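K.L.:
What follows is a predicted protein model with its sequence.
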Amino acid sequence: MKVIIVGGVAGGASAAARLRRLDEKAEITVYERSGYVSYANCGLPYYIGGVITQKSELTLKTPESLKTRFDIDIKVRHEVTAIDAAKKTVTVRDIDGGRVFEDKYDKLVLSPGAKASLPPFPVPASDRIFTLRTVEDCFAIRGFIEEKQPKSAIVVGGGFIGLEMAENLIEAGIKTTVVELMPHLLKTFDTDMASMIHACFRKNGVELILGKGASAVKAERNSISLEIEGKELKADMLMFALGVTPDTDLAKKAGLALGAKGSILVNDRMETSARDVYAVGDAVEVRYLIAGNKALISLAGPANKQGRIAADNICGGSSRYPGSMGTSVVKIFDMTAASVGLTQEYAASLGFDSEAIIISAAAHASYYPGAKNMWIKAIFERGTNRILGAQIVGYDGVDKRIDVIATAMKCGMTMVDLKELELAYAPPYSSARDPVNVVGFIAENVATGKFKQFHAEDVDALPRDGSVTLLDARTPKEYGAGHIEGFINLQLDELRERHGELPAGKPLYVHCQSGLRSYIACRMLAQYGFECYNLAGGYGFYNSVKTEKLAAESSWPCGMEK
């Protein structure tokens, strides 16, 4: 059996290695347009910033190592320019030698990936304007920085690559501005959670221009000028990080059926519309598991799995790709941001009736040195308690918690089921009640009506005319350091004796710093006949959303002082 794979990196390289493990006699050829067949795509920004110091560290496998270990014939700098599905041939151009030839296959795997998206306006040719998608792009950017020593940079786009590039440019000593058309960074986060990401970037010296789009770029001899709503922003270099577009020109010319945004349409066996032609990776349309809709999800994990599945099926297996939840994590200076599934804003646009649990919790036991906060927003469907998504911003342990929630989602657990998870505990690593368990406890209270919430976006609309009671259950010292207008202060530990001072028969909206004391207050006051609502996430989260300033990094039980 002759198998040709078009493109390497995550999907193509994974397919090639799996094919060899399943069929020692198969003839496997990989044609890769760039000079590198298997490299750490996600590590490219960190080479630019100097965290990864050696070029060789970016290369996972070389053509020589793949030939030696797997007997795979790797042809880098070879571009497949045409597919004849009827004749089962591909046309190949040797980029360096100029030779054009045909190669015949029994099975074909397309892993062309995606190309960096460009803005809708003309982009002039300039050695100061960059995109980042390939190893060659990475080397060009680092080479420019080393040679030209730029003092300032503009990054257009606030997705994963844009933020990783901004961080690494700052670490390289370059003043950096991020321009993002959306009102907040990272579309995989809701506006409220993104506020902490904004705060982290600003704290580390990144200027953010949000909710404004660029309309033109001009290249000058020693600088770049970007026009943003009639104003010019100048810098020594500019990078477009506008996401990616499926690289499907080859598939289009071959007449393959296409899906969302021009992607290659595949079934759950990774088969295209052409017989014996498979496709994997960033170029294919997948099923978004939570909502069931079609989507493009450009992540290395799904691409690796798809390559493996295609190889299984080529060798007579029956592997299926059920879809993706988009689980992701990104480093933002000394913090970490992770997400899975739907944002609450996206869930609403799809017609879901959702509720969100928001907590701040220590990554490990607060009495053990070094405890730092994380903020978790977990979204679930009212009525069914089905987990729709989660977002976490914090320091240590963020990746662990998002992986637990992602696993629970894949296994069909509800938000309430999270309370039953038996998770590893020792003071340096967690608490006896892990933050994921706490989310489950709160979800159960919400689902059973023991707990009613209001959210940061509801605060300004609360009446200040006396028709409701607004209560701050923190200490007078905390209240004096900053409070929400219209909220009276009566601390939790005095409420039992003084609840008679509160007007009867009026809804009561309560908050504390993190939501714990106000929850206790609500449970107490509900039993005295009050209709109570607790502020999700507490004053700390509310203040971070409103001011885009980070809440306290260190964690200590709510209301206690070190």
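P.N.:
Great, that's in hand.

K.L.:
how near is residue 73 to residue 214?
P.N.:
According to Cβ to Cβ, to the nearest Å, residue 73 stands 44 Å off from residue 214. Bear in mind the C-beta positions are built from the backbone N, C-alpha and C, glycine included.

K.L.:
which one of those two has more residues nearby?
P.N.:
The neighbour comparison of residue 73 against residue 214 (other Cβ atoms under 10 Å) goes to residue 214, with 23 against 15.

K.L.:
Was I right to think that one contacts residue 120?
P.N.:
No. Contact status for residue 214 versus residue 120: not in contact, 9.8 Å apart, counting by Cβ atoms under 8 Å.

K.L.:
Can you name the next helix or strand after the strand or helix carrying residue 357?
P.N.:
Assigning secondary structure by DSSP states H and E places residue 357 in strand 354-362. Going down the chain from strand 354-362, the next helix or strand is strand 373-381, by DSSP H and E.

K.L.:
and that following strand, what other elements does it pack with?
P.N.:
helix 191-203, helix 344-349, strand 354-362, strand 387-394, helix 398-410, helix 435-447 (3 or more Cβ pairs under 8 Å, 6 or more residues apart in numbering; DSSP states H and E).

K.L.:
Kindly recompute the last result at 7 Å.
P.N.:
helix 191-203, strand 354-362, strand 387-394, helix 398-410, helix 435-447 (3 or more Cβ pairs under 7 Å, 6 or more residues apart in numbering; DSSP states H and E).

K.L.:
Partner strands of it, with direction?
P.N.:
strand 354-362 (antiparallel), strand 387-394 (antiparallel) (DSSP bridges).

K.L.:
now the angle from that strand to helix 191-203?
P.N.:
150 degrees (axes from the mean of the first three to the mean of the last three Cα atoms, to 10 degrees).

K.L.:
contacting residues around the residue positioned nearest the centre of the chain?
P.N.:
The chain has residue 328 as the residue nearest its centroid, 4.2 Å off, counting by Cα atoms, centre = their mean. For residue 328, the contacting residues are 188, 299, 338-339, by Cβ atoms under 7 Å, 6 or more residues apart in numbering.

K.L.:
Assign the residue located most distally from the centre of the chain to helix, strand or coil.
P.N.:
Outermost residue of the chain with respect to the C-alpha centroid, by Cα atoms, centre = their mean, is residue 500; its distance is 47.9 Å. In three-state terms, and counting by DSSP: H, G, I helix; E, B strand; the rest coil, residue 500 is helix.

K.L.:
before we move on, back to that, of the strands paired with strand 373-381, which shows the lowest average pLDDT?
P.N.:
Among the strands paired with strand 373-381, strand 354-362 has the lowest mean pLDDT, at a mean of 94.

K.L.:
what's the offset of that strand from the middle of its chain?
P.N.:
With Cα atoms, centre = their mean, to the nearest Å as the basis, strand 354-362 stands 18 Å off its chain's centre.

K.L.:
With stretch 459-474 instead?
P.N.:
Its chain's C-alpha centre and that of stretch 459-474 lie 35 Å apart, by Cα atoms, centre = their mean.

K.L.:
what's the answer for stretch 335-348, then?
P.N.:
On Cα atoms, centre = their mean, the centre of stretch 335-348 falls 8 Å from the chain's centre.

K.L.:
Ok, stretch 496-506 next?
P.N.:
45 Å.

K.L.:
My reading is that residue 186 lies in a helix. Confirm?
P.N.:
No. The assignment for residue 186, made by three-state DSSP, is coil rather than a helix.

K.L.:
what's around it, how many residues?
P.N.:
Residues near residue 186, counting by other Cβ under 10 Å: 25.

K.L.:
is it fair to say residue 524 lies in a helix?
P.N.:
Yes. Under three-state DSSP, residue 524 sits within a helix.

K.L.:
My read is that it contacts residue 495, right?
P.N.:
Yes. Contact status for residue 524 versus residue 495: in contact at 6.1 Å, counting by Cβ atoms under 7 Å.

K.L.:
between those two, who's got more neighbours?
P.N.:
residue 495 (20 against 15).

K.L.:
so what does the host helix or strand of the more buried one touch, helix or strand wise?
P.N.:
Per DSSP H and E, residue 495 falls inside helix 492-498. Applying 3+ Cβ pairs under 7 Å, 6+ apart, one finds that helix 492-498 contacts helix 516-526.

K.L.:
Just the pLDDT for the residue nearest to the centre of the chain.
P.N.:
With respect to pLDDT, residue 328 scores 94.

K.L.:
is residue 376 in a bridge, and if so with what?
P.N.:
residue 359, residue 392.

K.L.:
burial count for it?
P.N.:
Neighbour count for residue 376, taken as other Cβ under 10 Å: 26.

K.L.:
That one reaches residue 435, doesn't it?
P.N.:
Yes. Applying Cβ under 7 Å as the test, residue 376 and residue 435 come out as touching, 5.9 Å apart.

K.L.:
what's the overlap in contacts for the two?
P.N.:
Common neighbours of residue 376 and residue 435 (Cβ under 7 Å, 6+ apart) are 359, 361, 401.

K.L.:
and the angle for the strand holding residue 357 with helix 435-447?
P.N.:
Interaxial angle of strand 354-362 relative to helix 435-447 (the same axes, to 10 degrees): 140 degrees.

K.L.:
how far off helix 516-526 does strand 354-362 point, in degrees?
P.N.:
120 degrees.

K.L.:
Please export the C-alpha coordinates of strand 354-362 as CSV.
P.N.:
Provided in CSV are the C-alpha atoms of strand 354-362 (Å, rounded to 0.1, in the frame of the first residue of the first chain):
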residue,chain,number,x,y,z
SER,A,354,-27.5,29.3,31.1
GLU,A,355,-26.3,30.1,34.6
ALA,A,356,-22.7,30.8,35.7
ILE,A,357,-20.9,29.9,38.9
ILE,A,358,-18.1,32.3,39.7
ILE,A,359,-15.6,31.7,42.5
SER,A,360,-12.2,32.8,43.7
ALA,A,361,-10.3,30.1,45.4
ALA,A,362,-6.7,29.3,46.5
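
K.L.:
that older thread, restricted to helices, list the contacts of residue 328.
P.N.:
Of the positions in these, not one sits in helices, assigned by DSSP state H.

K.L.:
Which one among those sits at the bottom for pLDDT?
P.N.:
Lowest confidence among the contacts of residue 328: residue 299, with 83.

K.L.:
Could you check how far that residue is from residue 10?
P.N.:
Distance from residue 299 to residue 10, counting by Cβ to Cβ: 9 Å.

K.L.:
between the two, which one's more packed in?
P.N.:
residue 10 (28 against 17).

K.L.:
The more buried one belongs to a helix?
P.N.:
Yes. Per three-state DSSP, residue 10 lies within a helix segment.

K.L.:
Can you verify my assumption that it contacts residue 300?
P.N.:
Yes. Using Cβ under 7 Å, residue 10 makes contact with residue 300 at a distance of 4.6 Å.

K.L.:
how many other residues sit next to the closest residue to residue 521 other than its chain neighbours?
P.N.:
Once flanking residues are discounted, residue 521 sits nearest to residue 473: 4.7 Å by Cβ to Cβ, 6 or more residues apart in numbering. Residue 473 has 32 neighbours, counted by other Cβ under 10 Å.

K.L.:
Check residue 72 too.
P.N.:
Neighbours of residue 72 (other Cβ under 10 Å): 25.

K.L.:
cool, and residue 272?
P.N.:
Here the number of neighbours of residue 272 (other Cβ under 10 Å) works out to 23.

K.L.:
No further queries at this time; thank you.
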